[in-house]
Each structure stands twice: as structure tokens, then as C-alpha cells.
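# Next input, structure requested:
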Amino acid sequence: MKGLLYMRIQELMTAGSTVRFGLIFVICFGLFLLIGLDPEGVGARYEGFVAGVFALKFLPVFCLTKGGETLRSELKDGTIEYLWVRPASKAELYLGFVCSSYLGILALIVPALLGISLAGLAMGAVSFGGLLSLWISVLTAIASFTAISGAISSFSSKFVVLGIFYYSFVELGLGSIPNGVQRLAVSFHTRTLLNGFSTGGANFSLESFAWILGTGFVALALGTVIFSQSRYGVGGEKEA
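Residues are numbered from 1 along each chain as shown. Next up, the predicted model:
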């Protein structure tokens, strides 16, 4: 596990990665500054783009289609054979894969979120308390969706397709059904946390925060069990 995280950190510290982080920051900062060209209603437009589009639509799809990439890349490229002979259990390897994916996703999302946050402050469209709620909501949602994607990748190389199906059926489908069913969707609880984005950090929901993290832990545990009990062949497909 430590080796996988070390390799991921080394990869993220290259000059190319630094340039990529900078470009993501500049692009997001510039694009969201455009919202302030018309001062009237800038706060509502900013909140709509950040919460409605970035946090509740883009992030789930991005994480669900990227979270299982590390594991499946190792299987497809055959480099996992080197890891099999290391003094580490399958459970440790799987946790390393998921944590490595989480770091990789954070490396792309954090510069974007930083640019978005600074743009909001520059326009006076958001308070520091609101940004705190935004960051907590985004980071916890990323962790949960990455764990779900990892669990899917533990039993199928088609994790991208299944991730999109999960988003469509659970996050969009069940998430729109009233009478408590919508609470099964992580996006529902992310939306609840994001209420603090517009209220300056007030009314923070510990219940939703715990539900998001709990869903992530359940997915992580499920993926660990599946990976530990399965046999995998080089090329990306699980053996019978």
C-alpha cells in the first residue's frame, strides 16, 4: 500500500503534473470570473454553476469513471504480477489502489476547486463559511464515489460503463424519488451539505456528512472483500 501511494505521489510531483495543475487552476479561475461580468444576480449564478453543475453532476460522473482506473490499469498492463510477490495482503493492495485513485482524482479536482473558490471570493459571490461547506462537501463526495468506483472495478473491467449506469439509476433515478428513497443517493446528501454553501456555512448536516462517509466505507469494505476472494488474470478480466 505504501509503495503504491509513494509511486502516485512521485508521479504527481513531476514538472508535467505541476504544469497541468496550474493550467486547470487558471482555466477554472478565468471561466468562473466570467460569471461576474453581469454583477446583478452573480451570487445565484455562481452557486448554480458550482453546486448544480460542478459538485452534483460533473464530480459524481468523473469519480465513478476514474476511481477504478488504478486497479484495472495494473491488471491490464500486467504490472500487478510484481505486486503479487510483495509482502502485502490482497486487502492492503486493494486499499492502496483506491487511495492511489483518490489522490489522482484530488490532484485534478483540488486545483479546479481552488480556482473556482478564488473566483467566487474575487466577485464577492461567496463567503469563507460557504467555501468551507463547499470543500467539505466536495472532498467527502469524492471519497465516497471513488470507493464505489473501486468496488465496481473489483469485479468488472467494465467499471466505466457500470459507473455511469450506477449514476443514472441510483444518483439520478432513486435520488429523485421522494418519501425517503432519495436518501439512498450520495448526491442527495451532498446537496444537503451544499445548503451551507449558500448560507455561509450555517445549518451543517452531520447526518448527511456521516451518510456520505458511511456509504464510502461500505463500498470500500465490499470492494476489499471481493478483491481478496477473487482470482485475477493479466489482461484485466477476472478468472473464474
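
# and the next element down the chain from the helix or strand of the chain with the lowest mean pLDDT?
Scoring the helices and strands of the chain by mean pLDDT, DSSP states H and E places helix 80-84 at the bottom, with a mean of 58. Counting by DSSP states H and E, the next helix or strand C-terminal to helix 80-84 is helix 90-123.

# Spatially central residue for this structure, please.
Central residue of the chain (C-alpha atoms, centre = their mean): Ile142, 2.4 Å from the mean position.

# how close does the residue of the chain positioned farthest from its centre get to Leu75?
In the chain, the residue that sits farthest from the middle, by C-alpha atoms, centre = their mean, is Glu40; the gap is 32.4 Å. Separation of Glu40 from Leu75 (C-beta to C-beta, to the nearest Å): 53 Å. C-beta: built from backbone N, CA, C; applies to glycine.

# Same question for Phe29.
Applying C-beta to C-beta to Phe29 and Leu75 gives a distance of 37 Å.

# quick one on the thing from earlier: figure out the helix or strand that the residue nearest to the centre of the chain lives in.
Counting by DSSP H and E, Ile142 is part of helix 128-153.

# buried stuff in that helix?
The neighbour-count check on helix 128-153 (16 or more other C-beta atoms under 10 Å) flags 130-134, 136-153 as buried.

# hang on, the earlier thing: so the residue farthest from the centre of the chain: helix, strand or coil?
Assigned by DSSP: H, G, I helix; E, B strand; the rest coil, the conformation of Glu40 is coil.

# Can you report how many residues neighbour the closest residue to Leu12 other than its chain neighbours?
Leaving out its chain neighbours, the residue that sits closest to Leu12 by C-beta to C-beta, 6 or more residues apart in numbering is Ala107, at 5.0 Å. A total of 18 residues lie near Ala107 under the criterion other C-beta atoms under 10 Å.
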